[in-house]
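**Q** here is the input, now give the coordinates:
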Amino acid sequence: MNSEHRSCRLQFGRFDVAAFGCFFVYASGTVVLPVALVALASDLGFSLFEGGLLAGGALHLGRTLSMVVAMLACGFAAGARGKRQTLGSAMLLLGIGLALCALAPTYGILFVALLVAGIGEGVVEGLATPFVQDLHPEDSGQYLNFSHSFWSVGVLFTVLLTGALLAQQVSWRLITAGVASLALLPVLLLLLPTKEFHPLAASPDRLPWRHVMGQMTTILKTPRFWLFFAAMFVAGGGEFCLTYWLASFIQMDIAGSAFAGGAGVACFAGGMVLGRMGWGLWISQHRLQPLIMYSALAGTVLSLSLPSVSHLGLLMLMLFLIGVATAPFWPSVQSYSVGRLPGADTTMLFILLSCAGVPGCGFFAWLMGVVGNWGGGLRQAFYLVPICYLTLAVLIGTDGWRVARSREKGA
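**A** As a prediction, this is how the structure comes out:
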């Protein structure tokens, strides 16, 4: 009873607010261009209606590649400079990259600007989660779910505002520049001097690169790690198929309105906000495995009928419910893996798992564009979502079965 009561009393400080800001801006920067993709494509001279879906998907695939490179390097940077300083510098680079996107005159330059933003995003993706883990090593599942909810808040805020502004003929460039400016707040919270006492505010102990490499090698040699690696890959893919392509799908196939496209993504994000904040307040660490598995099964059932829906109101309701089901995947898989890999360095573990989740996002976003081009549109491509969710349920269910079997043998 005491532990359940304590689980509701989350306590936050300055660096928690900085982490919330990192997730918010990272999410905003990730979705602002997908929501504006139809207008952006028209401005830069490639049509999504005439075989341009592959070019649209390639934008995020290229961004993903730079993110993965940055994630692989961020552990070494954090070892040399500390997580706080590295994270603050990454947020600054993310803002600069988005500002360059807003100024890009051609598709090629936009692609390069996204690579710059992707470097900052990769470091944020790699370090924001272990940063929160360091702030709250106990009950990390709660704090990670709650902190990650600000990713969904960022998505919700950005898609609604972007859709509304695009409907009023506001340029996608001005909107993107506005998102870039939001990066300043977490930069200041992370890099300015503080009187708040916390080990993360102090000068970091420098870790030799050989030590960091040893942490990485130890994890990579652990067979169980690869199960969670695969789980993160499909979890990221299923979630981002919806986040990236929903707005274009609604505009092209259902409503023909930028605002309706943004509202659809907002319904999905709203479900994720509710789910992550709710689980952050109430879920206990030992219940993460069934939470992930049953949520993935629910998401599979709901998303199977998604391609056949044509009524906008019903689609919005389904997207909200799919968002609730999707909510715990990313933070809960990472937190659950800590308990299943007790000897692993948590920072390096989170970084390596993100090196699975982010490529999953990029690969499946690209694959949806390929399937959409070959299969006659995005409707059929959305069957990739239940495939990802069912695979996640099988992977986490298999690990849960192994845990139960080990307990039976030990009894």
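
**Q** tell me which helix or strand of the protein sits lowest on mean pLDDT?
**A** Least confident helix or strand, the chain: helix 2-7 with a mean of 44, by mean pLDDT, DSSP states H and E.

**Q** what packs against whichever helix or strand comes after that helix?
**A** As assigned by DSSP states H and E, the chain's next helix or strand after helix 2-7 is helix 14-35. Contacts defined by 3 or more C-beta pairs under 8 Å, 6 or more residues apart in numbering; DSSP states H and E place helix 14-35 against helix 83-103, helix 107-135, helix 140-167, helix 172-181, helix 184-191, helix 223-249, helix 258-282. No exception for glycine: its C-beta is placed from N, CA and C like everyone else's.

**Q** which of the residues in helix 14-35 are classified as buried?
**A** Within helix 14-35, the residues scored as buried using 16 or more other C-beta atoms under 10 Å are 15-16, 18-35.

**Q** how far off centre is the next helix-or-strand element following it?
**A** Heading C-terminal from helix 14-35, the first helix or strand you meet, by DSSP H and E, is helix 37-44. Mean-position distance between helix 37-44 and its chain equals 24 Å (C-alpha atoms, centre = their mean, to the nearest Å).

**Q** what about helix 37-44, average pLDDT?
**A** For helix 37-44, the mean per-residue pLDDT is 81.

**Q** show me which residues of it are buried.
**A** L37, V38, A39, L40, A41, D43, L44.

**Q** now the helices for the stretch 301-411 of the chain?
**A** 312-326, 329-340, 346-375, 378-381, 384-410 (DSSP state H, counting those that start in this stretch).

**Q** got these as CSV, with distance to F268 columns?
**A** As requested, the helices of the stretch 301-411 of the chain are exported to CSV (distance: least, C-beta to C-beta, whole Å):
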stretch, distance to F268
helix 312-326, 4
helix 329-340, 13
helix 346-375, 15
helix 378-381, 15
helix 384-410, 11
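
**Q** who wins for proximity to M67 among the ones you listed?
**A** The closest of the helices of the stretch 301-411 of the chain to M67 is helix 346-375. By C-beta to C-beta, the value is 5.0 Å.

**Q** buried stuff in that closest one?
**A** Per 16+ other C-beta under 10 Å, helix 346-375 contains these buried residues: 346-369, 371-373.

**Q** next one: stretch 105-117
**A** For stretch 105-117, using 16+ other C-beta under 10 Å, the buried residues are Y107, L110, F111, A113, L114, L115, V116, A117.

**Q** then stretch 210-222?
**A** V212, Q215, M216, T218, I219.

**Q** any low-confidence regions in the chain?
**A** Applying pLDDT under 70 to the chain flags residues 1-8, 46-57, 139-141, 195-207, 256, 375-376, 410-411.

**Q** for M232, find the nearest of the helices of the stretch 301-411 of the chain.
**A** Taking C-beta to C-beta, helix 346-375 is the member of the helices of the stretch 301-411 of the chain nearest to M232, at 4.0 Å.

**Q** relative to helix 140-167, how tilted is that closest one?
**A** Calculated by axes from the mean of the first three to the mean of the last three C-alpha atoms, to 10 degrees, helix 346-375 forms an angle of 40 degrees with helix 140-167.

**Q** which helices and strands does helix 346-375 pack with?
**A** With contacts taken as 3+ C-beta pairs under 8 Å, 6+ apart, helix 346-375 sits against helix 53-81, helix 107-135, helix 209-220, helix 223-249, helix 329-340, helix 378-381, helix 384-410.

**Q** now do the second one: distance to the chain's middle.
**A** The one in question is helix 107-135. 11 Å.
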